[in-house]
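Undergrad: Got a sequence here, can you model it:
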Amino acid sequence: MNPASAGLLMFRRPAGGLQVLLAHPGGPFWARRDEGAWSLPKGEVGEGEDVFAAALREFEEETGCSPAGPFIDLGEVRQKSGKRVRAWAFEADFDPARLRCNLFEIEWPPRSGQRRQFPEIDRAEWFTLDAARRKLLAAQHPFLERLEHAVAGHDHPADDRP
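TA: Predicted coordinates for the structure are as follows:
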C-alpha cells in the first residue's frame with residue numbers, strides 16, 4: 001500500500017552548518033500558526049502513481065523548482081492524523097523569493113457561499129536543524145534525524161531512490 005503523501009526535503013550546507021528548506025501551508029487555517037506548522041514540500045500520491053514520481057511532482061508543483069538528485073531515502077513517518085508520508089532528501093540551493101506554487105479553492109469564510117483561492121504553500125524558508133525542529137510538524141522530525149545521520153556519513157550522498 002502506497003503512503004498517502006510523498007515529498008522531498010531540500011538541504012544545503014553553508015558555512016554555518018546544515019540547513020533545510022521547509023514550507024508553510026497556505027490558506028486561512030494555517031495563517032496564524034507558525035511553530036509546529038511547517039512541513040517538507042509534499043502532496044498526495046495518486047492512485048497507481050509511483051511514490052518517488054509523486055514526490056518529484058509535488059515538490060515542483062509546490063515550489064516551482066525542478067529537483068535533481070542524487071536523492072537520499074528518508075523512509076516513512078505516520079502523522080498524528082494517521083496519514084503516512086514518504087520522503088527523500090536532495091542537496092541544492094533555492095531562493096525562497098522565487099517560490100511558485102499551485103492554488104487550491106475552498107469556501108471561505110465557512111458557510112458563506114463564497115469560493116476563494118489560496119496558495120498550497122504561502123512561503124518557504126531555510127532553517128538550521130535546530131530551528132527546523134521548532135517549526136516542523138512533530139511527526140516529520142524523524143526526517144531531520146535521518147537526514148542528519150545520512151549526511152554525516154556521506155560527503156556526497158548516494159542515489160538511494162527506489
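Undergrad: Pro119 reaches Gly64, doesn't it?
TA: No: the criterion here is C-beta atoms under 8 Å, and Pro119 misses it with Gly64 at 11.0 Å. In this view, the C-beta of every residue, glycine as well, is placed from N, C-alpha and C.
Undergrad: Residues that sit against both of these two, list them.
TA: Common neighbours of Pro119 and Gly64, using C-beta atoms under 8 Å, 6 or more residues apart in numbering, are Cys101.
Undergrad: Okay, helices next: where are they in the protein?
TA: Secondary structure of the chain, counting by DSSP state H: helices at 51-63, 129-135, 141-152.
Undergrad: Tell me which of these is the most buried.
TA: Mean neighbour count (mean count of other C-beta atoms under 10 Å) peaks for helix 51-63 among these, with a mean of 20.
Undergrad: just checking, what packs against that one?
TA: Judged by 3 or more C-beta pairs under 8 Å, 6 or more residues apart in numbering; DSSP states H and E, the packing partners of helix 51-63 are strand 5-12, strand 19-25, strand 42-44, strand 84-91, strand 121-128.
Undergrad: List the contacts of Ala75.
TA: Wrong residue type there; residue 75 is Gly, not Ala. Per C-beta under 8 Å, 6+ apart, neighbours of Gly75: Arg86, Ala87, Pro142, Arg146.
Undergrad: again, only this time at 10 Å
TA: Val85, Arg86, Ala87, Trp88, Pro142, Phe143, Arg146 (C-beta atoms under 10 Å, 6 or more residues apart in numbering).
Undergrad: which among the residues you listed gets closest to Glu35?
TA: Using C-beta to C-beta, Phe143 is the member of the contacts of Gly75 that sits closest to Glu35, with 17.2 Å.
Undergrad: Identify the residue nearest that closest one in space, chain neighbours excluded?
TA: Leaving aside its sequence neighbours, Phe143 sits nearest to Leu74 (C-beta to C-beta, 6 or more residues apart in numbering; 4.8 Å).
Undergrad: Can you add distance to Asn102 and mean pLDDT and give the helices and strands packed on helix 51-63 back as a markdown table?
TA: A markdown table is the format used below for these (distance: least, C-beta to C-beta, whole Å; pLDDT from 0 to 100):
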| stretch | distance to Asn102 | mean pLDDT |
| --- | --- | --- |
| strand 5-12 | 14 | 97 |
| strand 19-25 | 12 | 95 |
| strand 42-44 | 9 | 93 |
| strand 84-91 | 18 | 97 |
| strand 121-128 | 9 | 94 |
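Undergrad: Please name the residues that touch Lys42.
TA: Shown in contact with Lys42 (C-beta under 10 Å, 6+ apart): 3-9, 23, 54-55, 58-59, 62, 85-87, 140.
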